[in-house]
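Q: A predicted structure for the sequence below; I have some questions about it.
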There are 2 protein chains.
Amino acid sequence: MPVKDVGTEQLIRETARRVFFVEGKLHATTQDIADAAGINRPSLHYYFRSKNELIKQVYEEAKGEMAVKANAVLGSDLPFREKVEHFITIFFNYVTGSPYLQSFLINEIKCKNPLLPKNTGTPPDVRKFLSEVEEEMKKGTIRTTSPENFMINLFALVSYPIIMKPLYLDFFEYSSDDYDRLMMERKAMIMEMIFG
Amino acid sequence: MPVKDVGTEQLIRETARRVFFVEGKLHATTQDIADAAGINRPSLHYYFRSKNELIKQVYEEAKGEMAVKANAVLGSDLPFREKVEHFITIFFNYVTGSPYLQSFLINEIKCKNPLLPKNTGTPPDVRKFLSEVEEEMKKGTIRTTSPENFMINLFALVSYPIIMKPLYLDFFEYSSDDYDRLMMERKAMIMEMIFG
DNA sequence: AAATTTGCTGACAAATTTGTCAAACATAAT
DNA sequence: ATTATGTTTGACAAATTTGTCAGCAAATTT
């Protein structure tokens, strides 16, 4: 958990991210965040006008970061198979590191801040990737469906099991370690599912 | 949205479910729920000692319902292929009807109510299903992995795209209708992915 | 070194949310 | 009609959460 010494503002932002995305405290109060950051609440208000402002910044930052990450991976010029493999690795780690990020995002989209600024830029190199996918389907490397669904499958197979871990631990009475062992198998399995 | 006329208590419970699971208002106040139900707040406290009590009941009810549903579908005596197909249909509809349910559950598990009663019964007929999966793998009907991951894939491929719809609409600037059209393709596609 | 800016703090105020209670109300039983 | 029982309501109180502000301290500038 590297905390840059760039100053209190950054510290607060990063702490908020940790509380929301890693610890999953979606109802965290400003006091919770201040405590976690080891500062006091008025400081938080000094740097961020309001709680909403802090959340908005963290939200935008996270959304942007995710887009950049997807962009970098899907837009790279690796051969297709390697690109998919790389994507799985990168996003597996990313989601594992911030398991509550996506839940936070969908919650913010619907719940509060009804007028969050529209998405900054148009889609990333996702377009490029989607046409690559289409090409591979024509070549017969992968099963034929809509490229969009191919990509959604990729995200689903990588993200969902990590995001929902608490639920499955509860449902199926697995130990955390057992579950993690299952996760280890998944990269190879997903590759197998896609490329046969 | 059928609201039984069985009385206020039931009305409140069902309204709470709607607000949380369908509308995704995870931060809803007791006032929000009372308003949505067309009653006033003290009534809510008359039937449920506290907000926490209401949430606990709704949480338990939903978790149980989900287990029952999974049980009924996975424990049926349909042939394997039909069973999987049936599962996809049933859960696609279920998740579509309550897209925020799973988010609500994982949030409650970690966030509040640290001492929610442990899972009621041991796993459902999931065991049975898992051994059926194993058998099919031996028969070569489906790809070989751990049966648990097979099942997790099923849940992931069905649930994730529906749950994360708001996120993907935002990211890829799809219209809601376009996205829904993608969803329609998925049942056939998932069957294809699994049975080749 | 005085002055100005910048960051931090405790104490306070406002707003929101939750919980309580006694009185009003309805309905059915006595 | 009166009582008893369960339900609803307005008014109030408590608790929680958010936001403000004047003052203090450290650092920077002049």
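A: That came through fine.
Q: next structured bit after the lowest-mean-pLDDT helix or strand in chain A?
A: Sorting the helices and strands of chain A by mean pLDDT, DSSP states H and E puts helix A:165-172 at the bottom, at a mean of 90. Next in sequence after helix A:165-172, counting helices and strands by DSSP states H and E, comes helix A:176-195.
Q: can you list the residues that contact that following helix?
A: A:81, A:84-85, A:88-89, A:92, A:141-143, A:153-154, A:157-158, A:161-162, A:165, A:168-169, A:174, B:143, B:145-146, B:148-149, B:152-153, B:193 (Cβ atoms under 8 Å, 6 or more residues apart in numbering or on different chains). C-betas here are computed from N, CA, C, even on glycine.
Q: Kindly give a single PyMOL line that selects the buried subset of these.
A: Only the buried entries of the contacts of helix A:176-195 go into this PyMOL selection, using 16 or more other Cβ atoms under 10 Å in any protein chain shown:
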select buried, (chain A and resi 84+85+88+92+142+143+153+154+157+158+161+162+165+168+169+174) or (chain B and resi 143+145+146+148+149+152+153+193)
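Q: Is residue A:78 in a helix, a strand, or coil?
A: coil (DSSP: H, G, I helix; E, B strand; the rest coil).
Q: Just to check, it is in contact with residue A:86?
A: Yes. The pair residue A:78 / residue A:86 is scored as a contact, 6.1 Å apart, by Cβ atoms under 8 Å.
Q: where are the low-confidence patches of chain A?
A: For chain A, the stretches flagged by pLDDT under 70 are A:1-6, A:111-124.
Q: Near DNA strand C, which residues of it are found?
A: A:7, A:8, A:39, A:40, A:41, A:42, A:43, A:46, A:47 (Cβ under 7 Å from any atom of the strand).
Q: Pull out the buried members of those residues.
A: Buried subset of those (neighbour count, 16+ other Cβ under 10 Å): A:39, A:47.
Q: Let me know the closest of the residues of chain A next to DNA strand C to residue B:31.
A: residue A:41 (25.2 Å; Cβ to Cβ).
Q: Quick one: residues contacting the closest residue to that closest one other than its chain neighbours.
A: Excluding its sequence neighbours, the residue lying closest to residue A:41 (Cβ to Cβ, 6 or more residues apart in numbering or on different chains) is residue A:34, at 4.5 Å. By Cβ under 8 Å, 6+ apart, the residues touching residue A:34 are A:12, A:40, A:41, A:43, A:44.
Q: if you set the cut-off to 7 Å instead, what comes out?
A: Counting by Cβ atoms under 7 Å, 6 or more residues apart in numbering or on different chains, residue A:34 makes contact with A:40, A:41, A:44.
Q: Helix or strand: which one has it?
A: Following DSSP H and E, one finds residue A:34 within helix A:30-37.
Q: That helix near DNA strand D anywhere?
A: Yes. Remark: helix A:30-37 sits within contact range of DNA strand D at A:30, A:31, by Cβ under 7 Å from any atom of the strand.
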